[in-house]
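> Kindly generate the corresponding structure for this input.
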Amino acid sequence: MVATAMLISGKVKYAAGKPRQTIYGDRINVMITLSTGEDVRLWGNPGDPSLTPLRKGQDVSLMQNGKGYKLVSHSDSAPINGSDRPPVAPSMAEPVLPQDQDCLEIVTIFRQLRAALPECREDTVRAFTSTVFMQRCKAEAE
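This next block holds a predicted model:
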């Protein structure tokens, strides 16, 4: 059976705080406000390398697979004045050449998606990668 998954963007509402004792042991959580307005919690172990670096206001991409949400990528830093890149408005006539930072970001997104979705075919992960990258670029331009 092929897994159905949706890519959803969101923003960190509350960063991970102190670990809490749960029935699963000590856990941390991050509250994400999805682009739909819904708030969801992502849970992890204390020191989780995917959750602990997240900061309030940071843009993230989540994968919803029917069972829950999984973090697949996030911006490298919390936004400063709404964006961590200077505003650039290229005209349609000027081609936009990729920068080393863009290439690195695409590779990072691909690796995160590949790890998060091991059951997906590589061409599907590539398609998700380009979608996540374009959504980030669009969000940064706004």
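
> How about the helix or strand bottoming out on mean pLDDT in the chain, which residues are buried there?
Every helix and strand in the chain was compared by mean pLDDT, DSSP states H and E; the lowest is strand 69-74, with a mean of 78. Using 16 or more other C-beta atoms under 10 Å as the test for burial, strand 69-74 gives 69, 70, 71, 72, 73, 74. (Each C-beta comes from the backbone N, C-alpha and C, glycine too.)

> Contacts made by that strand with the rest, please.
Strand 69-74 is contacted by residues 7-8, 12, 32, 40, 42, 50-51, 53-54, 58-63, 108-109, 112-113, 116-117, 128, 132 when judged by C-beta atoms under 8 Å, 6 or more residues apart in numbering.

> For residue 109, what is the enclosing helix or strand?
Element membership of residue 109 [criterion: DSSP states H and E] is helix 100-116.

> Also residue 12?
Assigned by DSSP H and E, residue 12 falls within strand 6-14.

> quick one on the thing from earlier: now restrict the contacts of strand 69-74 to buried residues only.
Buried among those (16+ other C-beta under 10 Å): 7-8, 12, 32, 40, 42, 50-51, 54, 58-63, 109, 112-113, 116-117, 128, 132.

> Where do the strands of this structure begin and end?
Taking DSSP state E as the test, the strands found in the chain are 6-14, 20-22, 25-34, 39-44, 59-64, 69-74.

> how about the CA coordinates for the longest helix seen in the chain, as PDB?
As assigned by DSSP state H, the longest helix anywhere in the chain is helix 122-141. Taking Å, rounded to 0.1, in the frame of the first residue of the first chain, the C-alpha atoms of helix 122-141 are listed here in PDB:
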ATOM      1  CA  GLU A 122      13.200   8.800  -4.400                       C
ATOM      2  CA  ASP A 123      11.400  10.700  -7.200                       C
ATOM      3  CA  THR A 124       8.600  11.400  -4.700                       C
ATOM      4  CA  VAL A 125      11.100  12.800  -2.200                       C
ATOM      5  CA  ARG A 126      12.700  14.900  -4.900                       C
ATOM      6  CA  ALA A 127       9.300  16.400  -5.800                       C
ATOM      7  CA  PHE A 128       8.600  17.100  -2.100                       C
ATOM      8  CA  THR A 129      12.000  18.700  -1.800                       C
ATOM      9  CA  SER A 130      11.400  21.200  -4.600                       C
ATOM     10  CA  THR A 131       8.000  22.000  -3.200                       C
ATOM     11  CA  VAL A 132       9.400  22.700   0.300                       C
ATOM     12  CA  PHE A 133      12.200  24.800  -1.200                       C
ATOM     13  CA  MET A 134       9.800  26.900  -3.300                       C
ATOM     14  CA  GLN A 135       7.400  27.400  -0.400                       C
ATOM     15  CA  ARG A 136      10.300  28.700   1.700                       C
ATOM     16  CA  CYS A 137      11.500  31.100  -1.000                       C
ATOM     17  CA  LYS A 138       7.900  32.400  -1.500                       C
ATOM     18  CA  ALA A 139       7.500  32.800   2.300                       C
ATOM     19  CA  GLU A 140      10.800  34.700   2.500                       C
ATOM     20  CA  ALA A 141       9.800  37.000  -0.400                       C
END
